[in-house]
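**Student:** Let's see this in three dimensions:
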Amino acid sequence: QVQLQESGPGLVVGSQTLTLACTVSGSDITNASYLWTWIRQPLGKGLEWIANIGNVGNTLFAPSLRGRASVSRDTSKAQFTLYLLSTTPEDTGVYYCARLLQSGGGMDYWGNGTLVTVSS
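**Tutor:** Next comes the predicted model:
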């Protein structure tokens, strides 16, 4: 059973760094068949892709967030972590981590999501 679990603060003071971790169980984050992704849904809006991290730690970011977002991983903990710098209230929303199939099959497993509120 593949499971992903987001963890991190529910409230971030604006201008501070948002840090969210995704812990994976039942799947190997070093498996080349998968990418690991962060997605968010601002309140009242649609889903927005943030970033991917691959099996060798290679990363790709949404152009709108490049320069503010980074992703790292800890293979010993089966965990990958999102860092979002210089937050504003516009970064408020539900943040999800998910597993993305390299074969083009989309995202097959998602975390439950975590609500992050950025105060002004």
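
**Student:** For the protein, just list every one of the helices.
**Tutor:** With helices called from DSSP state H, the chain shows none.

**Student:** per-residue pLDDT, the residue nearest in space to the middle of the chain?
**Tutor:** Nearest to the mean C-alpha position of the chain, by Cα atoms, centre = their mean, lies Trp38 at 2.6 Å. On the pLDDT scale, Trp38 is placed at 98.

**Student:** Show me what the closest residue to Leu18 other than its chain neighbours is bridged to.
**Tutor:** The shortest distance from Leu18 to any residue other than its chain neighbours is 4.2 Å, reached at Leu84 (Cβ to Cβ, 6 or more residues apart in numbering). Where C-beta positions appear, they are placed from N, C-alpha and C, glycine not excepted. Per DSSP bridges, the residues bridged to Leu84 are Leu18, Ala69.

**Student:** tell me the contacts of the residue nearest to the centre of the chain?
**Tutor:** 20, 22, 49-52, 69, 71, 82, 95-98 (Cβ atoms under 8 Å, 6 or more residues apart in numbering).
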